[in-house]
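Peer 1: Okay, here's the prediction I keep looking at, along with the sequence it came from:
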Amino acid sequence: MMMIRLLHRHRIVLALTIAFLAVACIISSHTEGTSVSLNATQHISSPMKAHLLDGSIAVFDHGGDIANRQISGTGMRYDPTLKTAVAVTAPIPLDSVVGVETFERVVNPGRTLLYSTLATAGTIIGATAAAVAIFGSCPTIYVDSAGTQVLQAESFSYSIAPLLAKRDVDRLQVASDGSGVVRLTVRNEALETHYLDQIELLEASHAPDELALPAARVGIIAVRHRVAGVTMHDRAGRNLADVLGAADERVFATDSLTLDRASRGGPADDYIDVTIPSAPGRDSVAIVLRARSSLLTTMLLYDEMLAGQGAKALDYVGKDLQRVTKLAQLADWYVKNLGLRVSVVTNDGREQRQIVRLVDFGPAAWRDVAVVVPATADHDSVHVRLAFLADAFRIDHLQVFGDLRELAPRSVPIARVLDRDGKLRPDAREVLLRTDDLQLQTWPGHEFKLEFDVGGDRTGIARTYFIAAQGYYTEWMRGRWLATDSTTDFAPWRKPVAPILQRWLITRDSLEQTFFRQRVPIV
């Protein structure tokens, strides 16, 4: 991240790199994309930067020419440390380019101090950082477990543009140390730029026999007394009680026949029907899920939204997603097709009343979340349906609890921010303490540590901690995406969803194997 000192002691050998504002780290700017097709012969009048495989960056302040699969123009080529530069004297072959960024400089004076201060701490990925697997998506949160860093959460997974910035709350399995300090590590493990606005810790105190969780549209709740006799079946009729009965990594995924039918134009949704026995005096229950998104949404973002548009994706991310009208169009399609919809179903199965739609699940970390549903005793049982686009979710555990209550968590501000080398960064702490116009940016391979002073434990009181983070991220435009000859706008609302599921059915096994076993980028 920008808070980490330049890795002078390492030989810089970069396979993938970024340098924020290579020629001017003192003033703040943002990127506004200009559509470029790397396969076409075209003169580019806008400034552009070419990020190269050897870690260097070629900056063409006055544009250049792209022809014969080469980039040429008047510019400067910076080495991976950004400390030396030479004039570009020969065309740069496109096969040596990771990606090309075209930009207009729009100065943001209010952020200049932040960027300038942190720019001195380093803006590149060195050999050590590059050796870290690019694994997650969005900021990934780790806690120490007996000397091993364990992934606990992903923050604001679907906030892919400034207008989509949101606050995300995730449950952590972490305890304070002997001195009353909770320590977390925040990483950027994706080919993304993260913009972190605020981070805080929430502490919920509760009875030892209660489980504290975030609940959709409610806040933090405590649950206990698991309901017995709950049954669960999916669209294919499979009994899921055994698969979802414990958090044991035996994971629900859509039945292959259901997915195949959806990919051929059949019903696009899968669902899990949950039947809950009623009980006298009970007016609501909490369905508790341990789940994450499948890589279907990642494929949708990469292959459809970005790579599917070729170089047009630069304008889409840089301009279209900054417009409310375009976002509304995307949001309408998303609401109709994606997310996990929780509805109460009448006993005859004909009517449904949606309670909530869950949307913010990342593909890497399991998320524990509760949904509160009404459970009147007018009938012998309550029927709840969890519906979602076929194969869009992986679910490890589903439980139902009969007793629940709202909690008022305590907000614990960041006490200290430390860079990778353990150096205190009070400037970064000030940025992350509150929501405002200042943001902390991180790049692939960067990390920092957070410390929270929570105090000592109290006898007979359990404490559960939650990470609350607000911000957004922007995806890197891969070189092969930009080289795609495409004139197709991202407009999935104009076509059926079945072709997307067809591509997913063909590629899901290889994508998941790469993502989870090898922990390398999906590029």
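Peer 2: Perfect, thanks for sending it. Numbering: from 1, shown residues only.
Peer 1: where along the stretch 51-200 of the chain do the helices fall?
Peer 2: Listed in chain order, the helices of the stretch 51-200 of the chain (DSSP state H, counting those that start in this stretch) span 112-119, 127-130.
Peer 1: what's the average pLDDT for the shortest one?
Peer 2: Per-residue pLDDT over helix 127-130 has a mean of 31.
Peer 1: before we move on, what about the longest one?
Peer 2: The average of the pLDDT scores along helix 112-119 is 34.
Peer 1: Repeat that for stretch 335-352.
Peer 2: 83.
Peer 1: and if you look at stretch 435-442?
Peer 2: Per-residue scores along stretch 435-442 average to 87.
Peer 1: List the buried residues in that stretch.
Peer 2: Neighbour counts over stretch 435-442 (16 or more other CB atoms under 10 Å) mark L438, Q439, L440, Q441, T442 as buried. C-betas here are computed from N, CA, C, even on glycine.
Peer 1: Now the residues you listed in JSON lines, please, with extra columns for secondary structure and distance to T231.
Peer 2: JSON lines is the format used below for the buried residues of stretch 435-442 (DSSP: H, G, I helix; E, B strand; the rest coil; distance: CB to CB, whole Å):
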{"residue": "L438", "secondary structure": "coil", "distance to T231": "51"}
{"residue": "Q439", "secondary structure": "coil", "distance to T231": "47"}
{"residue": "L440", "secondary structure": "strand", "distance to T231": "47"}
{"residue": "Q441", "secondary structure": "strand", "distance to T231": "48"}
{"residue": "T442", "secondary structure": "strand", "distance to T231": "45"}
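Peer 1: Of those, which is the nearest to V369?
Peer 2: T442 (25.6 Å; CB to CB).
Peer 1: Show me the beta-bridge partners of the residue nearest to L240 when sequence neighbours are not counted.
Peer 2: In space, L240 comes closest to M232 once its chain neighbours are excluded; the distance is 4.2 Å by CB to CB, 6 or more residues apart in numbering. Taking DSSP bridges as the rule, M232 bridges to V274.
Peer 1: Let me have the buried residues of stretch 435-442 in a markdown table, extended by distance to T140.
Peer 2: What follows is the buried residues of stretch 435-442, written out as a markdown table (distance: CB to CB, whole Å):
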| residue | distance to T140 |
| --- | --- |
| L438 | 22 |
| Q439 | 18 |
| L440 | 15 |
| Q441 | 16 |
| T442 | 11 |
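Peer 1: Of these, which is the nearest to G245?
Peer 2: T442 (38.7 Å).
Peer 1: ok, that closest one to Q149 distance?
Peer 2: According to CB to CB, to the nearest Å, T442 and Q149 sit 17 Å apart.
Peer 1: ditto for R292
Peer 2: 19 Å.
Peer 1: of these two, who's got more company?
Peer 2: R292 (20 against 13; other CB atoms under 10 Å).
Peer 1: measure that one to R394 for me?
Peer 2: With CB to CB as the criterion, R292 and R394 are 5 Å apart.
Peer 1: do the same with S294
Peer 2: With the distance defined as CB to CB, S294 ends up 5 Å from R394.
Peer 1: for D315, same thing?
Peer 2: 34 Å.
Peer 1: Next: R478.
Peer 2: 25 Å.
Peer 1: Identify the residue nearest V218 in space, chain neighbours excluded?
Peer 2: Closest residue to V218 apart from its sequence neighbours, by CB to CB, 6+ apart: V372 at 5.7 Å.
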